[in-house]
Structure formats: C-alpha cells, structure tokens
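In: Okay, here's the prediction I keep looking at, along with the sequence it came from:
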Amino acid sequence: MRVLEIGTGTGYSTAVFCSRLGEENVTSIEYDQDVAARAQGNLARLGLLPTLVTGDGLRGHGEGAPYDRVIATCGVRTVPSAWIEQTRPGGIILATVGGWLGASGLARLTVHDDGTASGPLLSGQVGFMLARPHLPPPLGLLPDLTAGKEREARTGADALHDWTTRFVVQSAAPGAQRLTLTRAGRQEHVLIDVESGSWAALFGEDGRWTVRQDGGAALWDAVEEQLGRWHSAGAPALDEFTVSVTPDGQTYRW
Ligand SMILES: C[S@@+](CC[C@H](N)C(=O)[O-])C[C@H]1O[C@@H](n2cnc3c(N)ncnc32)[C@H](O)[C@@H]1O
C-alpha cells in the first residue's frame, strides 16, 4: 500500500510505515521546518529514506497520488478535499476530526467513486494537536458581555465537561471558542464565534443556569437544539456517529 501521512513529527510513525510497507511507499508531510529536519535525521539514522515533504499537509502531496491510505497524526476540523482527491476510490482516510471546544473523534472514511468520503467514528477519546491552518483565530477584544438577551438555560455549561456532549456542542457551534472569566463576582462560561461575532455567556446559581447571548446567531439556542436532537436519539456514543464529506461540506449523523 501507498500511504500519505500528515504530521511527520519525530518520524516515529513514518518509520513504522516504512518498515511495514517499504520506504518507497511512504510519503510524510510536516508543517514545521525544524521538526521536519529533525525527523529526516532520525529516519536517515535508521537508514530510511521515505518521501518527506515540508509544507501544509492539508493540501496533501499530489505528486505521489493516488494513495491507498491517508493518515493524519494532527487533528482537523474538516477533512480537506485534497485528501479525498488524492486517495484512490476504495482507499481509506484515517483522521482525527475535532474543533475548538477540544473534543474529537477518530474517523475512518472510505473514499467513493463520486469523490465523496464517509465512514464511522471509531471508539475511544482520540485527540491530536490541530493542524496549523485549523487553529482558532485570536479572540481579540471581547464583545460587551453585558449586552444581549438573557433567559434560563435548559442546558448548563457544566454539560461541556463530558467529551461526547462537547463534541455535539462543537458540531452545533463549529466556530465557537470557549473561555471562563469572573465577572461581578461569579464565574461565567463564554462561547465566542470570532468570525460571526456571536457569543453566549452562561452562569449557574442555585442549581439553575442562565444564558445571555448576542451578536447575530443565538449560539446557545443552536447548541440546545442540537443537544435536544442527540438526547432524543438516546444520546448515542461517538462510535455510533458517521461522518460524510462531500463538496458541500462535512456532516455528522448518529
Ligand atoms: C502529534 S505530532 C505527530 C506525531 C508523529 N506522527 C510521530 O510519530 O512523532 C503532530 C505533528 O503535526 C504537525 N503539523 C501540524 N499542522 C500540520 C500541517 N498542516 N501539515 C503537516 N503537519 C502538521 C506538527 O508540527 C506536529 O509535528
């Protein structure tokens, strides 16, 4: 099999692929030049000379395509179309899909003839550092968190402690980042979507949660609707989710 790896890192997994498949079948991409140089040295010391590329692995490496397998050892928010285009139909992409709320799942996608890819999330809490271009933008100046409409929340911010719940919340508010701050003597949990300007601030008191939100989309409304659908389906575990990636985007089903 011909394998494309994203995230060479130390070169450890690249070495494993080489010993299993032969160095001529292994291509690995590393974003960070210093890290790439160190990996090259590590691999050379083992006598291994796979194709090593320094650059943004989200673009893949078209020169070596088609690949039978693409494996990412850095996380992505959405699976890049280049990986699908560079994998042969029937080939597999193994990648950790996650986001800015810090929950992720390991997706095993099969590439189809029509240029789409789909497959399950595998079991376990799997996390990798996010690929560089998928890191969140700086929060910048915070919006005026006293503005906005306030209501009682059906779901409190404490729900975010649970990995799967956080994954579902993240899928409802994919552009949101989370911070906690102390205001007026109480702790507030804030979700902010820098791009849209939407935000939601939650605080708990006497076992009840209040949410205040503003800035366009009502972030916490979207979160509670998505959680409602997930709970109505029996709150399935992550390994009951499927992911599909088409030119229109990436969707999760359970
Ligand atoms: C968890 S480490 C990889 C571990 C590696 N497979 C090993 O065996 O040591 C993640 C690596 O992905 C790299 N990385 C981050 N964003 C990337 C991108 N867009 N393209 C390629 N590599 C990237 C990081 O610099 C880091 O070295």
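Out: Arrived safely.
In: The helix or strand hosting E225 packs against which elements?
Out: Taking DSSP states H and E as the criterion, E225 maps to helix 219-232. For helix 219-232, the elements it packs on are helix 163-172, strand 186-193, strand 199-205, strand 208-214, judged by 3 or more C-beta pairs under 8 Å, 6 or more residues apart in numbering; DSSP states H and E. From N, CA and C alone the C-beta is placed, and that goes for glycine too.
In: Now do the buried residues in that helix.
Out: Within helix 219-232, the residues that count as buried by 16 or more other C-beta atoms under 10 Å are L219, W220, D221, A222, V223, E224, Q226, L227, W230.
In: before we move on, the earlier item: could you name the stretch from the helices and strands packed on helix 219-232 that's closest to the ligand?
Out: helix 163-172 (18.9 Å; C-beta to the nearest ligand atom).
In: For the ligand, see how far away the residue nearest the centre of the chain is.
Out: Centroid-nearest residue in the chain, with C-alpha atoms, centre = their mean: G98, separated by 2.0 Å. Distance, G98 to the ligand, by C-beta to the nearest ligand atom, to the nearest Å: 13 Å.
In: per-residue confidence for that residue?
Out: For G98, the pLDDT comes out at 96.
In: Chain neighbours aside, what residue packs nearest to it?
Out: Distance criterion C-beta to C-beta, 6 or more residues apart in numbering; nearest residue to G98, sequence neighbours excluded, is S104 at 2.7 Å.
In: can you check E5 too?
Out: Per C-beta to C-beta, 6+ apart, closest to E5 is S28, 4.1 Å.
In: List the backbone torsions phi and psi for the one you found.
Out: S28 adopts backbone torsions of phi -140, psi 140, taken as degrees, to the nearest 10.
In: give the contact list for it.
Out: By C-beta atoms under 8 Å, 6 or more residues apart in numbering, S28 lies in contact with 4-8, 11, 14, 17, 39, 50-53.
In: if we look at the sheet, which residues does T87 bridge to?
Out: Beta-bridge partners of T87, counted by DSSP bridges, are Y67.
In: Serialize the buried residues of helix 219-232 to TSV and add fields for distance to L43 and pLDDT.
Out: Formatted as TSV, those follow (distance: C-beta to C-beta, whole Å; pLDDT from 0 to 100):
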residue	distance to L43	pLDDT
L219	45	97
W220	48	98
D221	51	98
A222	46	97
V223	44	98
E224	49	98
Q226	44	97
L227	45	98
W230	43	98
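In: export the residues you listed to TSV and tack on distance to the ligand?
Out: Shown next, in TSV, are the buried residues of helix 219-232 (distance: C-beta to the nearest ligand atom, whole Å):
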residue	distance to the ligand
L219	27
W220	31
D221	33
A222	28
V223	28
E224	33
Q226	28
L227	30
W230	29
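In: which intervals of the protein have sub-threshold pLDDT?
Out: Within the chain, no stretch has pLDDT under 70.
In: What parts of it come near the ligand?
Out: 6-7, 9-10, 12-13, 29-32, 35, 56-58, 73-74, 128-129, 131-133 (C-beta under 6 Å from any ligand atom).
In: Of those, grab the buried ones for PyMOL.
Out: A single PyMOL command selects the buried members of the residues of the chain next to the ligand (16+ other C-beta under 10 Å):
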select buried, resi 6+7+9+13+29+30+31+35+57+58+73+74+128+131
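In: Out of the residues of the chain next to the ligand, name the ones that lie in strands.
Out: Judged by DSSP state E, the subset of the residues of the chain next to the ligand located in strands is I6, I29, E30.
In: returning to what we had before: what's the closest of the helices and strands packed on helix 219-232 to F241?
Out: Judged by C-beta to C-beta, the one of those that comes nearest to F241 is helix 163-172, at 8.1 Å.
In: before we move on, the earlier item: just give me the neighbour total for the residue nearest to G98.
Out: Residues near S104, counting by other C-beta atoms under 10 Å, number 25.
In: returning to that earlier point: and the contacts of S28, which is closest to the ligand?
Out: Closest approach between those and the ligand, by C-beta to the nearest ligand atom: G7, at 2.9 Å.
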